[in-house]
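J.: below is the structure, and that's it, no one-letter string:
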């Protein structure tokens with residue numbers, strides 16, 4: 001049966017009742033809970049169009065394509081693919097009358113599988129698992145029942161070129177026996193998501209408050225060093241409606257926006273509503289971020305309006321990243337973006353209120369630089385103790401503490417491509433205006449030495465002297481490949497910077513220290 005609207009109570013932290021707190025979705029749910037009738041099977045499956053056993057899946061691909069499936073007469077094995085929590089929909093985890101395929105990716109990206117097409121009329125349910133072989137319970141990486149306001153299914157998951165994935169195609173958990181048949185499973189590989197983006201750019205649904213108010217669409221960003229603007233796609237709220245654009249810093253990094261600190265806010269209005277286009281909302285000034293942050297828009301809307309679009313497919317890539325909070329119109333109190341806990345509803349994950357989805361809301365800015373190499377041999381007490389109890393802060397990624405009260409840090413730049421010969425190393429958080437030495441080792445050790453921990457074993461190379469500036473920073477300028485006698489691709493070496501810490505003030509009194517270690521494998 002069709003359900004014209006959904007009314008849900010907001011979860012923990014809200015004093016609101018079911019009658020007070022109401023959401024409405026633009027695309028209604030497709031079906032209610034039906035009585036399960038176990039499949040009896042009994043037909044002959046069409047070769048190449050889905051195997052009845054997960055142990056012998058039919059190969060499809062590699063890469064994109066449209067693949068015919070026929071689950072007429074298929075049976076289900078209760079031990080395989082029927083108890084996945086990720087597949088819970090309309091009261092069922094089961095995938096009735098399922099058939100199995102083994103699909104191989106031919107590119108890195110986001111694999112999207114869908115039965116939403118003109119050739120499929122079955123009430124489908126699909127799931128994906130990593131690798132070949134019958135799946136272990138709890139290993140599903142994607143699953144979907146209904147998508148895009150249809151009874152058909154769409155799912156998405158990150159894929160890697162050359163890897164194979166087990167694909168399960170069946171029917172809604174409440175389907176009656178013998179209702180399988182022929183359909184088409186479409187597969188595409190979309191590009192990887194850009195930093196700050198959670199959605200694929202398409203709207204499957206939208207959300208609003210039944211009686212209107214101020215609804216905040218919020219999502220977490222964990223890959224930006226700064227935010228300078230936000231893109232948002234408004235659904236059917238009237239152009240010119242009030243909007244507040246916000247950025248919050250998750251200062252304590254607890255993964256909960258409720259106590260996040262607002263670091264940017266400005267007022268604007270809705271534009272391009274209902275067009276599917278993204279509106280760019282520049283921040284008054286660029287905001288620097290350390291760790292996770294949250295971006296969002298607080299939209300004032302009336303009853304019957306839907307605020308922001310929802311992507312119910314790419315939610316499967318980041319199921320806990322989008323949140324909603326609100327202030328009901330009936331309370332007459334403005335939404336408090338400075339203290340999100342004071343609103344009628346503090347932020348709640350979309351899945352927790354029955355709308356598993358991500359907002360069509362994007363953050364723009366500078367990405368956190370990708371770390372080249374593997375940091376190790378930290379001076380924070382997590383491994384070998386520092387020589388005189390001079391451990392740096394746990395988790396800071398530094399060497400043992402110097403006279404500055406922090407440990408030195410070594411990072412690598414450019415690439416580890418042997419042919420490019422462009423790798424360089426940068427020292428930070430060391431003593432200003434002092435010399436340091438980039439040292440390379442051919443084995444990995446961990447032994448207290450001077451004021452730090454020596455991570456490199458013989459044979460070693462003194463690669464380059466680095467003169468540090470007034471900030472205690474410096475970068476190599478010569479060829480590491482040449483100076484380090486790197487024989488070729490596949491070589492792994494370990495690096496540290498050994499820097500002076502003079503004046504009789506170094507923690508252990510030896511006058512020098514080391515950064516943490518960095519492992520580089522040349523390719």
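T.: Looks like it arrived, so ask away. Keep in mind that what you see is a predicted model, and the values were worked out from it rather than measured.
J.: dump the residue contacts of the residue positioned nearest the centre of the chain.
T.: Compute the mean C-alpha point of the chain, and by Cα atoms, centre = their mean the closest residue is residue 318, 4.9 Å away. By Cβ atoms under 8 Å, 6 or more residues apart in numbering, the residues touching residue 318 are 198, 358. No exception for glycine: its C-beta is placed from N, CA and C like everyone else's.
J.: quick check: the gap between it and residue 325.
T.: 18 Å (Cβ to Cβ, to the nearest Å).
J.: ok, residue 129 touching residue 138?
T.: No: with contact defined as Cβ atoms under 8 Å, residue 129 does not reach residue 138; the gap is 10.2 Å.
J.: comparing these two, which residue is more hemmed in?
T.: Using other Cβ atoms under 10 Å as the criterion, residue 129 and residue 138 rank with residue 129 on top: 24 against 9.
J.: phi and psi next, for the more buried one.
T.: When read as degrees, to the nearest 10, the backbone of residue 129 gives phi -140, psi 150.
J.: how about residue 166, nearest residue that isn't a chain neighbour?
T.: Closest residue to residue 166 apart from its sequence neighbours, by Cβ to Cβ, 6 or more residues apart in numbering: residue 129 at 4.2 Å.
J.: pLDDT value on that neighbour, please?
T.: Per-residue confidence (pLDDT) for residue 129: 97.
J.: now residue 355
T.: Predicted confidence (pLDDT) for residue 355: 87.
J.: tally of neighbours for it?
T.: 19.
J.: again, but for the one 4 residues further on
T.: Each residue near residue 359 was counted by other Cβ under 10 Å, and the total is 29.
J.: distance check, the nearest residue to it once chain neighbours are set aside against residue 310.
T.: Counting by Cβ to Cβ, 6+ apart, residue 217 is the residue found nearest to residue 359 once chain neighbours are left out, at 4.3 Å. Remark: distance between residue 217 and residue 310 (Cβ to Cβ) = 9 Å.
J.: what residues are shared contacts of those two?
T.: In contact with both residue 217 and residue 310: residue 359, using Cβ under 8 Å, 6+ apart.
J.: more neighbours: those two, which one.
T.: Set residue 217 next to residue 310 and count neighbours by other Cβ under 10 Å: residue 310 wins out with 29 against 26.
J.: show the pLDDT at that one.
T.: Residue 310 carries a pLDDT score of 94 in this model.
J.: then residue 511?
T.: In this prediction residue 511 is given a pLDDT of 94.
J.: surely it meets residue 501?
T.: Yes: shown here, residue 511 and residue 501 form a contact pair, counting by Cβ under 8 Å, at 6.0 Å.
J.: higher neighbour count, these two?
T.: Using other Cβ under 10 Å, the more surrounded residue of residue 511 and residue 501 is residue 501, with 24 against 15.
J.: low-confidence ranges in the stretch 201-350 of the chain?
T.: Along the stretch 201-350 of the chain, the model assigns pLDDT under 70 to no residue.
J.: what's near enough to touch the residue lying closest to residue 470 once chain neighbours are set aside?
T.: Distances taken as Cβ to Cβ, 6+ apart put residue 432 closest to residue 470, at 5.1 Å, once the chain neighbours are dropped. Applying Cβ under 8 Å, 6+ apart to residue 432 gives the contacts 468-472.
J.: out of those, which is most surrounded?
T.: Most neighbours among those, by other Cβ under 10 Å: residue 468, with 22 neighbours.
J.: quick one: contacts for that one?
T.: 427, 430-436, 474, 499.
J.: buried among these? Need that as a selection in ChimeraX.
T.: ChimeraX command restricting those to the buried ones, with burial defined by 16 or more other Cβ atoms under 10 Å:
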select :427,430,431,434,436,474,499
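J.: fine, thanks again, bye for now.
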